[in-house]
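Asker: model the following, please.
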Amino acid sequence: MPSHDSLEKEYFDVSANMRQYANMRFAQLTLMVAATGALVATMAGHDKPVPDALSIVLKIAGIVVALVFWAMEERAADYWHHFARRAVCLEQILGFEQYGKRPAQRFFTATNAARLLYIGVLALWVSALIAGRGLF
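Answerer: Purely as a prediction, here's the structure:
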């Protein structure tokens, strides 16, 4: 059995890892919104319409951006949840209660909210691609 000191050090490392992945998730979300905004501004922010071929490329780029950032979000969320479970295990051994006593999770968690946002952005781009000139 590892010593109390080594378990406590692991607990602090796990907490730092959770902060890292929480910050990463927020940064990824920010970048996705910025990239989506840039694509929308490129398509809708001109006096004359964007050529059809470029419009299709930009809409496909929007789909790719949404899918890539969604995959990155899912992976970062997996790591965050992994470290959260480890923190709860360590707390049981160490007698801590920071993570094990947090409020009960409900359906509308941060992870599910992010998923809903990515689904919405993906649906926007797919709709724009299907609609042709009708959207953007």
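
Asker: could you give the mean pLDDT of the longest helix seen in the chain?
Answerer: Longest helix of the chain, by residue count under DSSP state H: helix 52-94. In this model, helix 52-94 has a mean pLDDT of 97.

Asker: what about it, distance to the chain center?
Answerer: Taking CA atoms, centre = their mean, to the nearest Å, the mean C-alpha location of helix 52-94 is offset from the chain mean by 4 Å.

Asker: repeat that for stretch 29-36.
Answerer: Centre to centre, stretch against its chain (CA atoms, centre = their mean), the figure for stretch 29-36 is 10 Å.

Asker: excluding its backbone neighbours, what's nearest the residue nearest in space to the middle of the chain?
Answerer: Nearest to the geometric centre of the chain sits residue 73, at 3.2 Å (CA atoms, centre = their mean). Distances taken as CB to CB, 6 or more residues apart in numbering place residue 114 nearest to residue 73, at 5.4 Å, with adjacent residues excluded. Bear in mind the C-beta positions are built from the backbone N, C-alpha and C, glycine included.

Asker: how near is the one you found to residue 102?
Answerer: Here residue 114 is placed at a distance of 18 Å from residue 102 (CB to CB, to the nearest Å).

Asker: okay, the two: which has more neighbours?
Answerer: Neighbours were counted for residue 114 and for residue 102 using other CB atoms under 10 Å; residue 114 has more, 21 against 11.

Asker: tell me the secondary structure at residue 98.
Answerer: coil (DSSP: H, G, I helix; E, B strand; the rest coil).

Asker: ok, and the closest non-adjacent residue to it?
Answerer: Nearest one to residue 98, counting by CB to CB, 6+ apart, is residue 91 at 6.7 Å.

Asker: now do the contacts for that neighbour.
Answerer: Residue 91 makes contacts with 11, 97, 98, 99, 100, as judged by CB atoms under 8 Å, 6 or more residues apart in numbering.
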